[in-house]
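> Any chance you could fold what I've pasted below:
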Amino acid sequence: MRKALILATVAVFAVGCSTNPYTGERRASRTVTSGAGGAAAGAAAGAIAGAIAGRPGKGAAIGAAAGAAIGVGIGVYQDRQQAKLRERLVNSGVQVQRDGDNLILLMPSDITFAVNQSDINPGFYETLNSVALVFEEYDKTTISVYGHADSTGPEDYNQRLSERRAQSVSSYLAGQSVSPARLRSVGFGETRPIGDNSTESGRSANRRVEIVIDPIDSAFN
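Down below sits the predicted model:
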């Protein structure tokens with residue numbers, strides 16, 4: 001039975017994983033963001049593990065239990081953090097989005113930085129302070145800060161600007177007692193637009209900082 005449990009748990013992670021589009025890293029997928037989803041993924045994975053162990057029916061039951069435990073741990077944790085962030089950031093201009101188990105904070109540059117500058121607007125400090133308080137409370141995550149630019153101007157300039165802006169936000173959070181070990185910053189320049197660079201509204205959307213909050217799987221085992 002111990003062997004089947006180990007196999008089922010490993011299989012749950014294999015079935016319930018996807019790839020982070022920013023980094024290429026493997027992560028838990030939408031199928032295990034709740035107890036029900038985790039149980040379903042676990043049952044399927046457990047049947048596979050059970051077949052290997054010679055007891056497919058029992059493997060499915062064990063897998064369902066393992067999957068539910070994993071799903072509830074990560075899913076509920078991120079649900080609560082998402083609710084807290086939305087509460088803290090109401091009317092701030094920052095969007096709180098969800099992608100599977102990941103949370104994404106979308107920060108338009110017009111409220112974060114002056115034009116062509118990487119120093120954070122002083123008026124945005126209070127918003128980042130609120131974000132930092134939530135990150136301190138929910139510390140079972142890594143925090144990736146991604147800078148983006150529109151296609152106006154030289155590509156190499158946009159790349160460097162996006163890197164400096166991402167680093168500014170990351171450094172500010174570290175200065176608010178968010179552990180530097182959890183933080184990293186990356187600039188993508190103009191390579192990942194979410195709007196049409198031929199329009200002003202599209203260029204405005206592309207000038208942004210995104211913070212991706214990724215649960216640390218080992219913290220929930």
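> Residue 140 against residue 76, yeah?
No: using C-beta atoms under 8 Å, residue 140 is not in contact with residue 76, being 11.8 Å away. For the C-beta atoms, the positions are set from N, CA and C on the backbone; glycine is no exception.
> Show me which of these two is the more surrounded one.
Shown here are residue 140 and residue 76; by other C-beta atoms under 10 Å, residue 140 has more neighbours (16 against 13).
> Would you check that residue 94 makes contact with residue 107?
Yes: at 5.3 Å, residue 94 counts as touching residue 107 under the criterion of C-beta under 8 Å.
> This structure: strands as residue ranges?
Counting by DSSP state E, the chain has strands at residues 17-19, 26-28, 95-99, 102-108, 141-148, 183-187, 208-215.
> Nearest to residue 126, out of these?
Closest approach to residue 126 among those (C-beta to C-beta): strand 102-108, 13.4 Å.
> can you list the domains in this structure?
As given by automatic domain parsing, the domain ranges for the chain are 2-79, 89-220.
> weakest of those domains in terms of mean pLDDT?
Looking at the domains of the chain, the lowest mean pLDDT belongs to domain 2-79 (a mean of 56).
> and residue 204, how many neighbours?
For residue 204, using other C-beta under 10 Å, the count is 14.
> Contact partners for it?
Contacts for residue 204 (C-beta atoms under 8 Å, 6 or more residues apart in numbering) come out as 108, 109, 110, 150, 195.
> which one of the residues you listed is nearest residue 120?
residue 109 (10.6 Å).
> Now do the same contact list for the closest one.
Contacts for residue 109 (C-beta under 8 Å, 6+ apart) come out as 165, 204, 207, 208, 209.
> gap between the third one and residue 147?
Yep, that's residue 207 we're talking about. For residue 207, the distance to residue 147 (C-beta to C-beta, to the nearest Å) stands at 9 Å.
> Cheers, nothing more for now.
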